[in-house]
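>>> Provide a 3D model corresponding to the input given below.
(one chain, ligands or ions: 1)
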Amino acid sequence: MPSRPISPDQKTTANTRSKVVLLAITISAAAIFLMTIVYILYHLWDTFFRRSRTNPFDSAPTLKLQKFSYKELKSATNKFNPDNSIGKGGFGTVFRGILKDGKSVAIKKLDAASSLQAEREFQSELTILGSIRSPHIVSLLGYCIEKNKRVLVYEYMPNRSVQDLLFSDVNVSLGCMNWERRFQIIQDVVRALEFLHNECDPPVIHGDIKPSNVLLDWDFKAKISDFGLSRVKVEDEVGIDLFSQELGKSQELWKTQDLSGNLNGETTPTVGTPPIEGHCSSGEVDFALALQASSSSKHVKGSHNTNGLSSANSLSYNCSSKASPKGKEVLVEDIVGSYDPEFSSVEHSKELGVDDAGEGKQWGKDWWWKQDDSSEVCSKDYVNEWIGTQVCGSTNRDWESSMSSPMEFNLGYSPQLDKLEEEKEELGCPDEKGFEPKDKSIQKNKPRKMQDWWRQEKLDELSKKGSKRKSLESKMRKRIRVPHFGLGRQFCIFNRRSLKEHNQEDNSLKHEFSFKKVWKKKHTRSMGSELSGELFSRELSSTTSMRGTLCYIAPEYGGCGYLMEKGDIYSLGVLVLVIISGRRPLHVLNSPMEFEKANLVSWCRHLAQVGNVLELVDERLKDAYNKEQVTLCINLALACLQRLPELRPEIGDIVRILGGEMDLPPLPFEFSPSPPSKFYSRSRRRQSE
Ligand SMILES: Nc1ncnc2c1ncn2[C@@H]1O[C@H](COP(=O)(O)OP(=O)(O)OP(=O)(O)O)[C@@H](O)[C@H]1O
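As a prediction, this is how the structure comes out:
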């Protein structure tokens, strides 16, 4: 059958349809093309303009780290020959190496045995340091991962670390560490921190600022190294978690209580160090602060000694309330008996002996400022007192009794629990068994008359703690493990990072304390019987824990707090004092006359109070320094060392202050030459009325 011919109309319709389809395809393609161009332009704009700050993670792909083979690095260091070793850290040895192209590098070989923490450091260095470039930061050039071998390759810093230079007499006498150089180093470190805190997005917190992490290049330009403990700040992170909660409480308390404990309803002018009740939210050792509060007063104890138990409790309660799969575990016995945070609540003014609370007592808070008056105080006394108060978690009184009757540290003993009992005794609080104070003289000796409101408050608090105490006691007996975020115990355990300074120290007269040995002994035998000036004079203190380095770490970081910028600022304060004085933060010489200078931060505060900060300056500098610059740096350091992070200056302000573009904010009263007396406070009050 013949096919029907296609009509012209049908042809036209078909043509029209194909044209429409073609047009649709063309338009779609054009739209896609346009959108692609718009996307590319947006991306370019985003890269070049919007994100002008350094984003460590975004920029990571641009910072190509070289991957080395182990063989290559082995040959660069002559088989990791000890002769090429230029330093030893907590997790590995640093070698000088020469690469195939003739370039000098520093090669850090992590100890395989250092395991998890070393791995953490390695990852941290790779992800954070590997992603940032700044003239103020030591560059990470490459790495090697082969089986369990971990090696990092850095730019070589020929003039070693500030630690090496400061504590090597030869170099200083050669003028290596003259004032100009020291000032330059301070400025360089400040700039490095400015880069990390303000120019990186998100900000990077170093977490371990100290002299051995400040390295010097050919021109003695300082650069920060060692990002093993650093972290990147999470967006919108407020940072001060438990601390700020306690801070709120303490500020309320502070408003209602002056130095003598009286209710006055006004804010006391000394803002730097409110008596924080339970400030340290964990049972961790608040070493930085503990060191500053070098001895405690029985009087202070009278007003704050519930903290011991509260700290132990707060760790278990706070942490369990936040329990997460990430939570690690810590033995209750590691918490209880480790630290008495009453030292956290010690006002610096008292610490410096501003008030008369310690008068007439053998171990008043100000005892070590009075060495000249007491020829009986020797290094042994210092050590006993200090260790007794700071490490055992007992106060002076406990320590004194432990000295006469050495006790074992075991599950059955908890200084905090004992203190609770004692406190109840002092307050005349009947316990569950209807306990009444046996010795009425205890009450007579109370350092201050407590107002009824305060007493009532205290009793309420104690009865609350009594119930917590019961559960804590039963946990202790069962050795129950309390979940915790991997923060508490770490601070107390002195791991393998350590005592590097010890090796470098000359074995002559200059010696420092170590907590490591004491800590070990704590678990094995009576401490009191073992302590002697001899023993401690041989040990050093700059031990790095998993959370930072003793003496440099900020007080708030010792208590479950996040590591924040202000933590770096605190460490910077200590570093500045170390650079100016040429002393370590805890530096006890054998001479009793030197005791008052043992704790650098406390000594500096004392000097600031008496208006003589220049006494802190390294004697080796003789008079060859700029007094104005030194005074500015010391005052700046004191501002950085304020206990409340909020009061410490921001790094941007520090840059401006050092550059002379901004005045130093007024220091708290406790650092001023004329601290406010009670009279002053009252007269001020009357005026304001
Ligand atoms: N890039 C480098 N160039 C030259 N020397 C270096 C370099 N990196 C480290 N060192 C030297 O090696 C030493 C050890 O450094 P490392 O970072 O391993 O440990 P640390 O920071 O001193 O101690 P820790 O790791 O316990 O905090 C430094 O003090 C320094 O003297």
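
>>> Kindly export stretch 182-199 (C-alpha atoms) in PDB.
Provided in PDB are the C-alpha atoms of stretch 182-199 (Å, rounded to 0.1, in the frame of the first residue of the first chain):
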ATOM      1  CA  ARG A 182      65.900  40.100  75.400                       C
ATOM      2  CA  PHE A 183      63.500  43.000  74.500                       C
ATOM      3  CA  GLN A 184      63.600  41.900  70.900                       C
ATOM      4  CA  ILE A 185      62.800  38.400  71.800                       C
ATOM      5  CA  ILE A 186      59.800  39.500  74.000                       C
ATOM      6  CA  GLN A 187      58.500  41.500  71.100                       C
ATOM      7  CA  ASP A 188      59.000  38.600  68.600                       C
ATOM      8  CA  VAL A 189      57.100  36.300  70.900                       C
ATOM      9  CA  VAL A 190      54.300  38.800  71.300                       C
ATOM     10  CA  ARG A 191      54.100  39.100  67.500                       C
ATOM     11  CA  ALA A 192      54.000  35.400  67.100                       C
ATOM     12  CA  LEU A 193      51.100  35.200  69.600                       C
ATOM     13  CA  GLU A 194      49.400  38.000  67.800                       C
ATOM     14  CA  PHE A 195      49.600  36.100  64.600                       C
ATOM     15  CA  LEU A 196      48.200  32.900  66.200                       C
ATOM     16  CA  HIS A 197      45.400  34.600  68.100                       C
ATOM     17  CA  ASN A 198      44.300  37.400  65.800                       C
ATOM     18  CA  GLU A 199      45.500  36.600  62.300                       C
END
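
>>> Close to the ligand: what parts of the stretch 51-200 of the chain are there?
86-92, 94, 106, 108, 138, 154, 156-157, 160-161, 163-164 (Cβ under 6 Å from any ligand atom). Placement of C-beta: from N, CA and C, glycine included.

>>> What count of nearby residues applies to Leu215?
27 (other Cβ atoms under 10 Å).

>>> ok, now the one 3 residues further on?
Close neighbours of Trp218, defined as other Cβ under 10 Å, add up to 9.

>>> now do the one 10 residues further on
Summarising burial for Gly228: neighbours were counted as other Cβ under 10 Å, giving 29.

>>> do the same with Ser581
Other residues near Ser581 number 22, with proximity taken as other Cβ under 10 Å.

>>> doesn't Leu614 make contact with it?
No - with contact defined as Cβ atoms under 8 Å, Ser581 does not count as touching Leu614 (10.8 Å).

>>> now the end-to-end length of stretch 85-105.
End-to-end distance of stretch 85-105: 12 Å, with Cα to Cα, to the nearest Å as the criterion.

>>> buried residues in that stretch?
86-87, 89-99, 105 (16 or more other Cβ atoms under 10 Å).

>>> Mind checking which of those are in helices?
Among the buried residues of stretch 85-105, no member falls in helices (DSSP state H).

>>> how about TSV for those residues, with pLDDT added?
Converted to TSV, these look like this (pLDDT from 0 to 100):
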residue	pLDDT
Ile86	92
Gly87	88
Gly89	82
Gly90	80
Phe91	82
Gly92	88
Thr93	92
Val94	94
Phe95	96
Arg96	95
Gly97	95
Ile98	95
Leu99	94
Val105	96
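
>>> Read off the pLDDT value for His511.
Model confidence at His511, given as pLDDT, is 35.

>>> do Ser294 as well
32.

>>> Repeat that for Ile32.
For Ile32, pLDDT reads 94.

>>> Make sure it is indeed in a helix.
Yes - under DSSP: H, G, I helix; E, B strand; the rest coil, Ile32 sits within a helix.

>>> Helix or strand: which one has Val655?
Assigning secondary structure by DSSP states H and E places Val655 in helix 651-658.

>>> helices or strands next to that helix in the packing?
Judged by 3 or more Cβ pairs under 8 Å, 6 or more residues apart in numbering; DSSP states H and E, helix 651-658 is in contact with helix 179-194, helix 565-581, helix 627-640.

>>> Does the ligand have contacts with the second one?
No - under the criterion of Cβ under 6 Å from any ligand atom, the ligand is not reached by helix 565-581; the shortest gap measures 12.0 Å.

>>> That helix versus helix 627-640: what angle between them?
Inter-element angle recorded for helix 565-581 and helix 627-640: 150 degrees (by axes from the mean of the first three to the mean of the last three Cα atoms, to 10 degrees).

>>> Return the mean pLDDT over helix 565-581, rounded to an integer.
pLDDT averaged over helix 565-581 gives 94.

>>> same thing with the first one?
The predicted model assigns helix 179-194 a mean pLDDT of 96.

>>> how close does the closest residue to Lys566 other than its chain neighbours get to the ligand?
Spatial nearest neighbour of Lys566, excluding adjacent residues (Cβ to Cβ, 6 or more residues apart in numbering): Pro645 at 3.5 Å. Between Pro645 and the ligand the computed distance is 22 Å (Cβ to the nearest ligand atom, to the nearest Å).

>>> the domain parsing of the chain - what is it?
According to the TED database, the chain comprises the domains 59-156, 159-234+546-675.

>>> Check these for me and report the most buried one.
Greatest average neighbour count among those goes to domain 159-234+546-675 (a mean of 20), per mean count of other Cβ atoms under 10 Å.

>>> Write out the residues of the protein neighbouring the ligand.
Proximity of the chain to the ligand (Cβ under 6 Å from any ligand atom) is limited to residues 86-92, 94, 106, 108, 138, 154, 156-157, 160-161, 163-164, 208, 212-213, 215, 225-226, 497, 500, 544.

>>> thinking again about what came up before, CA atoms only for the helix holding Val655 - export them in PDB, please.
Presented in PDB, the C-alpha positions along helix 651-658 are these (Å, rounded to 0.1, in the frame of the first residue of the first chain):
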ATOM      1  CA  ILE A 651      47.500  40.100  72.600                       C
ATOM      2  CA  GLY A 652      46.500  43.000  70.300                       C
ATOM      3  CA  ASP A 653      46.700  45.400  73.300                       C
ATOM      4  CA  ILE A 654      50.000  43.900  74.400                       C
ATOM      5  CA  VAL A 655      51.500  44.700  70.900                       C
ATOM      6  CA  ARG A 656      50.200  48.200  71.200                       C
ATOM      7  CA  ILE A 657      51.500  48.700  74.700                       C
ATOM      8  CA  LEU A 658      54.900  47.400  73.800                       C
END
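
>>> tilt between it and helix 179-194?
Using the same axes, to 10 degrees: helix 651-658 against helix 179-194 is 160 degrees.

>>> so for helix 651-658, what's the average pLDDT?
In the prediction, helix 651-658 has an average pLDDT of 95.

>>> Outside of that helix itself, which residues are in contact with it?
186-187, 190-191, 193-194, 197-198, 565, 568-569, 572, 632-633, 636, 640, 649, 662-664 (Cβ atoms under 8 Å, 6 or more residues apart in numbering).
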